[in-house]
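Asks: model this:
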Amino acid sequence: MGPQHWKKIWVGSAGNMVEWFDWFVYASFATYFAGAFFPSGNPTAQLMNTAGIFAVGFFMRPVGGWLLGRVGDRKGRKAALTLTVTLMSASAVLIAVAPTYAVAGYGGVAVLLVARLLQGLSVGGEYAASATYLTEASDPARRGFASSFQYVSMTAGQIIGLGLQIILQRTMSDDALHSYGWRIPFIVGALGAAVVFYLRRSMLETEVYAEDTSHSGERGTLRALWRHKREAFLVIALTMGGTVAYYTYTTYLTKYLSNSAGLSKETATLVSFTALIVFAALQPLAGALSDRIGRRPLLITFAVGSTFLTVPIMTLLKHVDGYWPALGLALLALVVVTGYTSINACVKAELFPTGVRALGVALPYAIANALFGGTAEYVALWFKKGGIESGFYWYVAACAAVSLVVYVTMRETKDLDLARVKAGRGADAEPGESSLTPAS
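Replies: Numbering: from 1, shown residues only. Here you go, the predicted model:
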């Protein structure tokens, strides 16, 4: 790819990185601020309360997916990406200044809730705008490679958040972190978002979007999306297993190692940090592989691995007694998840025509995340509180099994020409027929 393609990928990914830094530091620092917003008591109950607010953010993602997906299809990918990072910056500032329970009672919880709602709106649109932009901006023969940088940037945001957490753990006392240190990453996130806002103001629109004039009056509408309802339901089904597995081994892993396996917070954080660095490095490799052998083989490999390995991996993780065994199991899990994360962005974007691509990716993906990804941590803690923690392992495996059926039966999308994906055939397609047009 030439310099211009790399510039587009960098600008799109940089914003995604900041967005997901803010999104994930809420989860990774929850063990420190849970007690600040809720009355003292059972630590697991406090974590469940913060996890519940975390999940609420996910339920705003369908709204954000609809609103910002519509903006992306009607006003352009650039407009949507600029708006998402603005909302994320505002939410980070709110969390950074939110008053504690001791100062304002449940008023602090209200501020926290509003901030998470804004984050949900922002990320609901960011994923689709970023996935669409990276897919459209890349060389057609390297879409898998280019779009893999979405999860590189998402993971980089989490790595930076965990890295900052490690630094704060080593430079501040535990009391200081619980008192005010947890606010620092949200301040950093707000500043980072301001920088990305400046970068995105001068970003280039994709040629695929700029040259498309079909059905301009219905761009980004639910009516246009309904013509592709088969593809929309396909996005929900293929996302189900991947999003549950991803959030299990990323945002929830640190708390699982600390709260269930009994590792120190510092060791659990270091395990996640190291594993995520390797995970990020794997994304472009897997994305490039999909450009050669197709998307379906990687998706099927993920689903088979997650279906049959989740229960043993989670069971062994619960009984680890140190850094190295925990890291080995975490890496095994994330290698499996790479089959989904590295290519899911381009697979979804390849399903829809240009005029409804952003909305087509955003809304069904956000619905799947609200139902499965956003609730994964809460479901895990619910099983733990009920004394049947292993039930969560089977839940993750079952979600992967459902997606496996979809991967086996779906059509390969690697060779599709984005500019020639037909509009308006989804509703009229016969069973087993796609509304997609293969590249010539």
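Asks: Give me the helices and strands touching the host helix or strand of L289, please.
Replies: Assigned by DSSP states H and E, L289 belongs to helix 265-293. With contacts taken as 3 or more C-beta pairs under 8 Å, 6 or more residues apart in numbering; DSSP states H and E, helix 265-293 sits against helix 143-147, helix 149-171, helix 253-259, helix 296-318, helix 323-341. Any C-beta I mention is one placed from the backbone N, CA and C, and that applies to glycine too.
Asks: quick check: longest helix of this protein.
Replies: For the chain, the longest helix by residue count, based on DSSP state H, is helix 107-137.
Asks: from the middle of its chain, how far away would that helix be?
Replies: 10 Å (C-alpha atoms, centre = their mean, to the nearest Å).
Asks: and it with helix 149-171, angle?
Replies: Counting by axes from the mean of the first three to the mean of the last three C-alpha atoms, to 10 degrees, helix 107-137 lies at 140 degrees to helix 149-171.
Asks: Tell me the buried residues in helix 107-137?
Replies: 108-109, 111-113, 115-137 (16 or more other C-beta atoms under 10 Å).
Asks: picking that back up, any idea of the angle the helix holding L289 forms with helix 296-318?
Replies: Note on geometry: by the same axes, to 10 degrees, helix 265-293 and helix 296-318 are set 160 degrees apart in direction.
Asks: now the angle between helix 323-341 and helix 265-293, please.
Replies: If you take the same axes, to 10 degrees, helix 265-293 sits at 30 degrees to helix 323-341.
Asks: List the buried residues of helix 265-293.
Replies: 265, 267-276, 279-280, 282-284, 286-287, 289-291.
Asks: low pLDDT regions in the stretch 51-200 of the chain?
Replies: 54 (pLDDT under 70).
Asks: and V337, how far is that from T315?
Replies: Between V337 and T315 the computed distance is 18 Å (C-beta to C-beta, to the nearest Å).
Asks: which one of the two has more residues nearby?
Replies: V337 (24 against 13; other C-beta atoms under 10 Å).
Asks: so what's that one closest to, chain neighbours aside?
Replies: A245 (5.1 Å; C-beta to C-beta, 6 or more residues apart in numbering).
Asks: Next up, the contacts around R295.
Replies: G144, I343, C346, V347, E412, T413, K414 (C-beta atoms under 8 Å, 6 or more residues apart in numbering).
Asks: Can you pull the phi/psi pair for it?
Replies: For R295, the backbone dihedrals are phi -80, psi -40 (criterion: degrees, to the nearest 10).
Asks: ok, now M203?
Replies: The phi/psi pair for M203 (degrees, to the nearest 10) reads phi -70, psi 160.
Asks: Hmm, A79 and it touching each other?
Replies: No: contact criterion C-beta atoms under 8 Å: M203 and A79 do not qualify, at 10.3 Å.
Asks: quick one: E350 and S147, what's the gap?
Replies: 9 Å.
Asks: can you check F383 too?
Replies: 34 Å.
Asks: The two: which has the busier surroundings?
Replies: Neighbour count, other C-beta under 10 Å: between F383 and S147, S147 has more, with 34 against 17.
Asks: Now for that one: which residues touch it?
Replies: Neighbours of S147 in contact, by C-beta under 8 Å, 6+ apart: A131, L134, T135, S138, G287, I343, A345, C346, A349.
Asks: Apart from its chain neighbours, what residue comes closest to K414?
Replies: K414 sits nearest to G294 (C-beta to C-beta, 6+ apart), 4.8 Å away.
Asks: Repeat that for P99.
Replies: In space, P99 is closest to G108, 4.5 Å off (C-beta to C-beta, 6+ apart).
Asks: Below-threshold pLDDT in the stretch 201-350 of the chain: ranges please.
Replies: Using pLDDT under 70, the stretch 201-350 of the chain drops low at 214-216.
Asks: Residues in contact with stretch 86-97: which ones?
Replies: 18-19, 22-23, 26, 111-112, 114-116, 118-119, 121-123, 126, 183, 186-187, 189-190, 193-194, 197.
Asks: Over to the residue nearest to K414: give its phi and psi.
Replies: Main-chain torsions, G294, degrees, to the nearest 10: phi 110, psi 170.
Asks: now it: how far from A190?
Replies: As judged by C-beta to C-beta, G294 and A190 stand 41 Å apart.
Asks: what about these two, which has more around it?
Replies: For G294 versus A190, neighbours defined as other C-beta under 10 Å are more numerous around A190 (21 against 16).
Asks: residues touching T171, list them.
Replies: Here T171 is in contact with no residue (C-beta under 8 Å, 6+ apart).
Asks: go on, G192?
Replies: By C-beta under 8 Å, 6+ apart, the neighbours of G192 are V18, F21.
Asks: That one sits in which helix or strand?
Replies: helix 184-200.
Asks: just the helices in the stretch 1-150 of the chain please.
Replies: Taking DSSP state H, counting those that start in this stretch as the test, the helices found in the stretch 1-150 of the chain are 3-28, 30-37, 43-59, 61-74, 77-97, 101-104, 107-137, 143-147, 149-171.
Asks: Just send those helices back as a markdown table, with distance to Y395 too.
Replies: Formatted as a markdown table, those follow (distance: least, C-beta to C-beta, whole Å):
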| stretch | distance to Y395 |
| --- | --- |
| helix 3-28 | 19 |
| helix 30-37 | 21 |
| helix 43-59 | 15 |
| helix 61-74 | 21 |
| helix 77-97 | 29 |
| helix 101-104 | 32 |
| helix 107-137 | 23 |
| helix 143-147 | 28 |
| helix 149-171 | 23 |
